[in-house]
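> Starting from these lines, generate the structure:
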Amino acid sequence: MFEQYFNLTRTPFSRDITEGELYSTPNISELCERLEYVARNRQFAVITGDVGTGKTTAIRKLVGSLDSNRYKVMYISDSALTPRNFYWEVLNQLGCEAKFYRGDAKRQLMRELGNLIETHRKIPVVISDEAHLLSREMLEEVRFLLNFKMDSYNPMSLILVGQSELRDVLKKQIYEAISQRIDIRYHLNPYDRQQTEEYIKRHMEYAGETRDIFTEKAVGAIYEYSAGVARKINKVCTACLIHASQRQIRLIDDHIVRMIIEEEFSW
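Numbering: from 1, shown residues only. Here you go, the predicted structure:
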């Protein structure tokens with residue numbers, strides 16, 4: 001479609017861009033370094049940020065950077081996650097058939113994690129996405145998971161990833177025991193104006209276009225609408241490229257951007 005019109009070799013602003021091609025800010029790079037430290041030392045991290053601020057990008061970069069010979073990554077994204085489902089899912093990703101009862105599955109998981117570390121010399125890294133939706137029961141279970149061998153041994157690296165409200169949840173007194181166990185906390189903010197421009201250019205270059213198809217004022221209008229949220233940037237830029245290709249327009253200015261926002265994203 002618009003790719004052919006603009007002579008693009010790939011689709012910009014798509015979700016399937018490889019980890020090495022993803023745009024990275026200093027904040028995302030710093031976060032990835034911290035998460036690598038968490039993974040290496042079997043620690044507990046909580047990563048928060050508003051919708052579309054790059055949490056998933058950071059996690060993809062982390063997973064892509066970890067040596068599969070040294071780490072076993074288990075990714076869970078379940079908004080209705082219960083302790084029983086958690087144990088079943090992790091055991092399933094370890095290639096095990098989980099015991100039926102929660103207590104049995106928990107003990108089974110601890111044995112399997114110990115075997116992974118001691119026998120296979122691999123570090124288990126468990127990533128729980130959408131963690132802002134975890135129930136109180138599941139958050140309490142996190143405390144029990146980390147309180148292993150009288151709090152002297154971490155059986156895994158555990159990374160909770162969620163929207164900003166997760167920070168507020170963990171500030172509550174009832175979660176103080178969990179909060180005290182967090183080794184790394186990091187909150188991702190949206191891109192600023194310059195980063196938004198760099199993001200757009202990086203994605204267009206990824207698709208094979210080195211010219212500035214979006215004018216300075218167009219980028220300004222995109223930033224004004226998106227507030228630097230990557231997901232919004234992707235949608236507006238894609239809609240603008242489709243509009244431009246359909247009308248044989250080679251340069252996207254702020255008038256086109258504002259029209260697209262008004263017609264397609266104002267309701």
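> so what secondary structure elements neighbour the helix or strand that residue 60 is a member of?
For residue 60, the element it lies in under DSSP states H and E is helix 55-65. Packing contacts for helix 55-65, counted by 3 or more CB pairs under 8 Å, 6 or more residues apart in numbering; DSSP states H and E, involve helix 26-40, strand 44-49, strand 71-77, strand 123-129, strand 157-162. Where you see a C-beta, it was placed from the backbone N, CA and C, and this is true even at glycine.
> for the record, mean pLDDT for the fourth one?
In this model, strand 123-129 has an average pLDDT of 95.
> Okay, now the sheet partners of that strand, with direction.
Strand 123-129 has the following sheet partners, assigned by DSSP bridges: strand 71-77 (parallel), strand 157-162 (parallel).
> For the last one, give the mean pLDDT please.
If I follow you right, that is strand 157-162. 95.
> And whichever helix or strand comes after it, how far out from the chain middle?
Once the chain leaves strand 157-162, the next helix or strand it forms, by DSSP H and E, is helix 165-170. Helix 165-170 has its average C-alpha position 17 Å from the chain's average C-alpha position, going by CA atoms, centre = their mean, to the nearest Å.
> buried ones in helix 165-170?
The neighbour-count check on helix 165-170 (16 or more other CB atoms under 10 Å) flags 166-167, 169-170 as buried.
> any low-confidence regions in the stretch 151-267 of the chain?
Counting by pLDDT under 70, the stretch 151-267 of the chain contains low-confidence ranges at 151-153.
> what do you get for the stretch 1-150 of the chain?
With pLDDT under 70 as the threshold, the stretch 1-150 of the chain has low-confidence stretches at 79, 148-150.
> okay if I get the strands paired with strand 123-129 as a markdown table plus distance to residue 134 and mean neighbour count?
Supplementary listing: the strands paired with strand 123-129 in a markdown table, determined by distance: least, CB to CB, whole Å; neighbours: other CB atoms under 10 Å:
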| stretch | distance to residue 134 | mean neighbour count |
| --- | --- | --- |
| strand 71-77 | 10 | 17 |
| strand 157-162 | 8 | 24 |
